[in-house]
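Novice: here is a sequence together with a model predicted from it:
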Amino acid sequence: MKNILVLLFTVVMSSSVFAEQPVLVVGASFANASTPFNDELNAPLGGVAVGMGSFLSLGNGLVRNQSLSGHVINEAQAGATTFDRMVCNPTCNPEVIWQGYDKQLTKALARVTLRDPQTGDITSINAKYVIITMPNDCLHSDAFGIPQNETSPCTTTEINTSTDNLIALGQRILDLSLTPIFNIPPTYEQMDLPLFQSLFGLSWAVDKDGYDELVNNRLTRIEAELPDAVLLKVWKQFVHLGDGIHPDQKSVTRAAKHIARFIKN
């Protein structure tokens with residue numbers, strides 16, 4: 001029975017219905033405005049979405065882009081870091097967690113992957129590109145999974161650990177013969193992180209020197225260690241929507257268009 005189902009699915013997969021391969025998306029709030037709910041209907045920040053649901057995330061911006069025909073598998077989670085962690089705003093709750101980027105990728109791949117029913121080996125993946133947006137790692141006090149009063153801005157060692165996670169994610173994608181597309185983050189000056197800190201009730205947010213070190217570390221190492229990955233400057237004309245950190249609708253629309261143009265070309 002399994003063999004018959006796999007055969008039928010393989011035939012369907014080869015039909016014109018699936019002529020357009022979906023784009024996979026992992027990341028944090030830039031990619032998906034919604035925080036995740038668990039089985040008990042608990043969620044970070046009470047489940048509230050960025051902008052109370054009015055924020056256009058990059059994932060939805062890609063869906064809107066006509067040249068991609070709406071084929072997007074988005075497993076990003078607002079508030080996520082590269083690693084799994086519990087929410088600590090204002091206190092920590094081990095029953096409420098964000099999933100890291102590696103788990104997000106596993107979920108996205110499951111949507112588009114066929115496996116041999118006997119061996120479990122991958123036989124095909126109906127995707128080519130994985131979009132990866134900026135994580136919350138080292139950006140603020142609720143990005144560690146420990147009480148905020150025990151946190152402090154990341155050391156160079158901690159920044160490298162965050163970048164290690166992104167490098168491992170990109171390598172995993174490349175090993176599957178897919179292409180990771182990392183988004184170059186906006187500049188510190190384009191955002192207003194002190195405003196973001198105040199509005200979201202955080203103990204601290206990264207300052208300019210820390211942010212620049214974080215971004216430069218990621219970009220330099222990704223370029224050197226993942227030469228087959230893609231780095232796109234999609235936030236060149238970034239404008240925040242008024243909360244200090246999230247892009248406004250025009251910024252997201254331009255970013256989605258930039259990514260779609262790269263994919264189609």
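Specialist: Yep, that arrived.
Novice: from the chain's centroid, how far away is stretch 133-152?
Specialist: In terms of Cα atoms, centre = their mean, to the nearest Å, the centre of stretch 133-152 is found 16 Å from the chain centre.
Novice: same check, this time on stretch 144-163
Specialist: 19 Å.
Novice: my guess is N74 contacts V25, does it?
Specialist: Yes: contact criterion Cβ atoms under 8 Å: N74 and V25 qualify, at 4.3 Å. Heads up, the C-betas are built off the backbone N, CA and C, glycines and all.
Novice: for T179, list each beta-bridge partner.
Specialist: As for beta bridges, T179 partners with Y129 under DSSP bridges.
Novice: residues in contact with it?
Specialist: Going by Cβ atoms under 8 Å, 6 or more residues apart in numbering, T179 touches 128-130, 173, 228-230.
Novice: swap the cut-off to 7 Å and go again
Specialist: Listed by Cβ atoms under 7 Å, 6 or more residues apart in numbering, the contact set of T179 reads 128-129, 230.
Novice: could I get those residues as a markdown table with neighbour count and pLDDT?
Specialist: Below are the contacts of T179 laid out as a markdown table (neighbours: other Cβ atoms under 10 Å; pLDDT from 0 to 100):
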| residue | neighbour count | pLDDT |
| --- | --- | --- |
| K128 | 13 | 96 |
| Y129 | 18 | 98 |
| V230 | 19 | 98 |
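Novice: closest to G244 among those residues?
Specialist: Nearest to G244 among the contacts of T179, counting by Cβ to Cβ, is V230 at 27.9 Å.
Novice: what residues are up against that closest one?
Specialist: Contacts of V230 by Cβ under 7 Å, 6+ apart are 179-182.
Novice: ok, residues contacting the longest helix belonging to the chain?
Specialist: Longest helix in the chain, counting residues (DSSP state H): helix 156-175. Applying Cβ under 7 Å, 6+ apart, the external contacts of helix 156-175 come out as 82-83, 101-102, 105, 130, 132, 137-138, 180, 213-214, 217-218, 221-222, 225-226, 228-229.
Novice: mind running it again at 6 Å?
Specialist: Contact with helix 156-175 is made by 82, 101-102, 130, 137-138, 180, 214, 217-218, 221, 225-226, 228-229, as judged by Cβ atoms under 6 Å, 6 or more residues apart in numbering.
Novice: buried stuff in it?
Specialist: By 16 or more other Cβ atoms under 10 Å, the buried positions in helix 156-175 come out as 159, 162-163, 165-167, 169-170, 172-174.
Novice: ditto for stretch 236-246
Specialist: For stretch 236-246, by 16+ other Cβ under 10 Å, it's 238, 240-241, 243-246.
Novice: would you mind giving those as CSV with secondary structure and pLDDT added?
Specialist: As requested, the buried residues of stretch 236-246 are arranged in CSV below (DSSP: H, G, I helix; E, B strand; the rest coil; pLDDT from 0 to 100):
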residue, secondary structure, pLDDT
F238, coil, 98
H240, strand, 98
L241, coil, 97
D243, coil, 97
G244, coil, 97
I245, coil, 98
H246, coil, 98
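Novice: kind regards, and thank you for your time.
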